[in-house]
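Colleague: show me how the following folds:
(chains A and B)
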Amino acid sequence: MKVQSFARGAWRAGLAGAVLALTGLGAAQAEPASYALDPTHTFAYWDVLHFGTSTIRGRFGGVEGTVKLDRAARTGEVSLALDLTTLNTGIAPFDAKLRSNEFFDVAQYPKAWFVARRLEFDGDRLKSVTGELTLHGVSQGLTLAAKNFNCYEHPMLKREVCGGDFEGTLRRGEFGMAFGAPLVADRVRLLIQVEGVRQMP
Amino acid sequence: MKKSLVLAAVLLAAGAGVAQAETATYGIDPTHTFVSFEANHFGTSTLRGRFDKKEGSVSFDRAGKTGKAEITIDMKSVNTGVGPLDKHLSSKDFFNAEQFPTAKFVGDKFNFTGDKVAEVTGTLTLLGKSQPVTLKAVNFNCYTNPMFKREVCGGDFETTLVRSAYGMSYGLPGIPDNIRLVIQIEAIKQ
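Modeller: Residues are numbered from 1 along each chain as shown, chains lettered A, B, ... in the order given. As a prediction, this is how the structure comes out:
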């Protein structure tokens, strides 16, 4: 009888321990993890149709900011700054034209910002990010939809890396950059490659 | 009177037919012609790169539905936005650009849908090896450029290469074998 009650007590203590452990684990998972952007795998590409014929592509590097994800709670926060002076289309005179006050006016607006707090998940995979893009002095809502999303253990860094491909569209006229429209389309597609390395808490 | 009108119409139609059947030659516009590639990175995101130097010409006959395209790519002009990666891609591990400075595509079979180019099939020579390649048109259009006052034809073409077929096997399978090519081309009528 004594032994039995001891056993029952031990079992109870064990259960309590397990519950505590689970709660603790839950708390650990619920903490948002911060990811530092990998500049070698983070680029903002855009493309736009030229004379209804072929697609002009350009790229911005120099993406800085913070990404916080809580994949268990399905929440997160994205705050990015894009250095517009890094514009690169492969044609230097075209880059100069785009940097000028006819387009991006990088002298006055050297950066664009994307701040998003509405993150949608499909299971633990990020599905879309909705926030606000500030470009050329104008702020507009923007949703970036994930075409790919994945997390993996980086074999060299020995750290978790999360990332994917995100797409969105904007109308450049709404940002006061209508030059050349409609021969060069108003609708611009954004293709974002992003990978971030999980930071130690 | 009626007869001569009909005859004139027939002659005009024949004349127009002959004019359309002539093969027109187009020089590629390097500011609107780019070969970009896409490779999946760790099953996660898409790594993109672009070749900045290229030259070539295209001739085609929309009525006769024939054509020929020749595009030469300078492999050292690879541009990913990451300098050390560009160097690695130019090295013997990938393009071996010292020994094989150019890649060349010769397309000699044009498939049309109506008068629009739908597919161009030919041979891509890369790392000294030649393999058949079909480029599929995602867009195709001709227009009169308001500045040159000349006809410009072009579009977007896509294909997927298996890089090991050219002997480019470095990093397989971690770095994927299938590489998607996304090609913008515009060419000005000569």
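Colleague: any residues of chain A in contact with chain B? List them.
Modeller: Contact residues (CB under 8 Å from any CB of the partner chain) of chain A with chain B: A:40-41, A:43, A:45, A:49-57, A:59, A:61, A:86, A:88, A:90-91, A:94, A:148-152, A:154, A:161-165, A:183, A:191, A:193-195. C-beta: built from backbone N, CA, C; applies to glycine.
Colleague: and A:Lys147, what does it touch?
Modeller: By CB atoms under 8 Å, 6 or more residues apart in numbering or on different chains, A:Lys147 lies in contact with A:Gly164, A:Asp165, A:Phe166, A:Glu167.
Colleague: ok, residue 158 - how many residues close by?
Modeller: Assuming you mean chain A. 7 (other CB atoms under 10 Å in any protein chain shown).
Colleague: look at chain B instead
Modeller: So B:Glu158, with other CB under 10 Å, has 14 neighbours.
Colleague: got it, and the one 5 residues further on?
Modeller: Neighbouring residues of B:Arg163 were enumerated by other CB under 10 Å; the total is 21.
Colleague: go on, A:Val188?
Modeller: 20.
Colleague: check which helix or strand covers the residue nearest to A:Gly196 when sequence neighbours are not counted.
Modeller: Nearest residue to A:Gly196, sequence neighbours excluded (CB to CB, 6 or more residues apart in numbering or on different chains): A:Tyr35, at 3.0 Å. Element membership for A:Tyr35 (DSSP states H and E) is strand A:33-37.
Colleague: roughly how far apart are A:Ala81 and chain B?
Modeller: 17 Å (CB to the nearest CB, to the nearest Å).
Colleague: for A:Leu191, list each beta-bridge partner.
Modeller: Beta-bridge partners of A:Leu191, counted by DSSP bridges, are A:Tyr45, A:Glu167.
Colleague: past the helix-or-strand element of chain B with minimal mean pLDDT, which element shows up next along the chain?
Modeller: One helix or strand of chain B scores below all others by mean pLDDT, DSSP states H and E: helix B:2-21, with a mean of 45. With elements assigned by DSSP H and E, the helix or strand that comes after helix B:2-21 is strand B:24-28.
Colleague: how far does that next one sit from the chain's center?
Modeller: 12 Å (CA atoms, centre = their mean, to the nearest Å).
Colleague: which ones among the residues of chain A next to chain B are found in strands?
Modeller: With DSSP state E as the criterion, strands contain A:43, A:45, A:49-50, A:54-57, A:59, A:148-152, A:161-165, A:191, A:193-195 from among these.
Colleague: mark which of those residues are buried, thanks.
Modeller: A:43, A:45, A:49-50, A:54-57, A:59, A:148-151, A:161-165, A:191, A:193-195 (16 or more other CB atoms under 10 Å in any protein chain shown).
Colleague: what parts of chain B come near chain A?
Modeller: Residues of chain B lying near chain A (CB under 8 Å from any CB): B:30-32, B:34, B:36, B:40-48, B:50, B:52, B:79, B:81-82, B:85, B:139-143, B:145-146, B:152-156, B:182, B:184-186.
Colleague: quick one: low-confidence ranges for chain B?
Modeller: B:1-21 (pLDDT under 70).
Colleague: what ranges does it have for its strands?
Modeller: B:24-28, B:34-41, B:45-51, B:54-61, B:66-74, B:78-79, B:102-113, B:116-126, B:129-145, B:150-162, B:178-189.
Colleague: just checking, what packs against the fifth one?
Modeller: Okay, so that is strand B:66-74. strand B:54-61, strand B:102-113, strand B:116-126 (3 or more CB pairs under 8 Å, 6 or more residues apart in numbering or on different chains; DSSP states H and E).
Colleague: show me how chain A divides into domains.
Modeller: A:1-30, A:32-198 (automatic domain parsing).
Colleague: looking at these, which is buried most?
Modeller: Most buried of those, by mean neighbour count (mean count of other CB atoms under 10 Å in any protein chain shown): domain A:32-198, with a mean of 17.
Colleague: show me how far that domain is from its chain's centre.
Modeller: Relative to its parent chain, domain A:32-198 has a centroid offset of 8 Å by CA atoms, centre = their mean.
Colleague: let me know the average pLDDT across it.
Modeller: For domain A:32-198, mean pLDDT is 96.
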